[in-house]
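Visitor: Build the 3D model from these lines:
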Amino acid sequence: MKRRTCLIECMETVKDPFFTGFEKRIKENVYITEHTNMIYKNTAWYKSLLNAEKSCIKDNKIKKIHYKFEDGREMVEEYNIDTQVLLRRSWKLKGKLGGEGKWQAEIGDPIPEVSANVEVADLTECKDQPILTRRNTRVNLEWRIRNLPYPIDTYSIKVDNDNKCIIVSTTNKKYYKKLEVPELQRLNLQLQQANVQSSHNFNTLIISYKKPQPLLDMEKEWFEELKKVKPIKDIPSECNTQ
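Guide: Below you'll find the model as predicted:
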């Protein structure tokens, strides 16, 4: 009985350039698939996370990680332990004249500043101004802009890879904003227009950006890496304000 010849045997025995090139492309695609998702390990951002001094506290279902980087910067992240989703990321700003610096939220609601001199008139004036907040879900990066009453077809949302941002504008020229995407900048990833989605409800414009696979892979691995950081028992008072 005549034995069947498989495709692999053809590529090994036939010298046709098509098969030689086809075999090469298969090997290259396998290599790219295996290594593309590992590119984050070669970035300065990932290396700085690994080298940072880290401490951990657990508060119910929330895990808080404090980072102190080699360049002196400080960052705090909060994770939902059950969903493994990053809820908040805040950076400590340098204080004026050597004073204690404030914390600025990159992800999560802005940290309110308490001032005894705020007048009711000022609060009324600011109430209707657009307010931008960042969110993070398992699969999307998200921006919410409140106090935008215009219908959905008023907005233009375009990626701008030259400036590494997403530009939000309105046809009536009432609003214009550049949205930074630091998660992609840190991994040297290009923005893709196809990953952008938007919706509008209750005077709030919601912009979602589908996370690329390298970012998903890094987040998954980094959450596992953080399990190595043992939580401390006593919770410092300043941790509750970040």
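
Visitor: Can you show me the helices along this protein?
Guide: Ranges of helices in the chain, per DSSP state H, are 7-13, 17-36, 44-51, 120-127, 182-186, 213-226.

Visitor: worst average pLDDT in these?
Guide: Looking over the helices of the chain, mean pLDDT reaches its minimum on helix 7-13, with a mean of 40.

Visitor: Just list the residues touching the closest residue to Lys178 other than its chain neighbours, thanks.
Guide: Nearest residue to Lys178 in three dimensions, chain neighbours excluded: Cys165, at 4.5 Å (CB to CB, 6 or more residues apart in numbering). C-beta here means a position set from N, CA and C on the backbone, and glycine is covered the same way. Contacts for Cys165 (CB atoms under 8 Å, 6 or more residues apart in numbering) come out as 159, 178-181, 191.

Visitor: pLDDT on stretch 140-158, on average?
Guide: 98.

Visitor: And stretch 189-198, by the same measure?
Guide: Stretch 189-198 comes out at a mean pLDDT of 98.

Visitor: Just the terminal-to-terminal distance for stretch 141-159.
Guide: Chord length of stretch 141-159, first to last residue, is 14 Å (CA to CA, to the nearest Å).

Visitor: For the residue nearest in space to the middle of the chain, which residues are in contact?
Guide: For the chain, Glu183 is the residue whose C-alpha lies nearest the centre (CA atoms, centre = their mean; 3.9 Å). The contact partners of Glu183, by CB under 8 Å, 6+ apart, come to 141, 211, 215.

Visitor: Output those as JSON lines; include the columns distance to Ser169.
Guide: Shown next, in JSON lines, are these (distance: CB to CB, whole Å):
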{"residue": "Leu141", "distance to Ser169": "19"}
{"residue": "Lys211", "distance to Ser169": "24"}
{"residue": "Leu215", "distance to Ser169": "26"}
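
Visitor: tell me which of the residues you listed is nearest to Met38?
Guide: Leu215 (12.6 Å; CB to CB).

Visitor: Double-check the closest one against Asn188; I have them as touching.
Guide: No: under the criterion of CB atoms under 8 Å, Leu215 is not in contact with Asn188, lying 11.3 Å apart.

Visitor: Among these two, which residue is more densely surrounded?
Guide: Leu215 (18 against 14; other CB atoms under 10 Å).

Visitor: Distance of the residue nearest to the centre of the chain relative to Pro130?
Guide: 22 Å (CB to CB, to the nearest Å).

Visitor: try Gln193
Guide: From Gln193 to Pro130 the distance is 23 Å (CB to CB).
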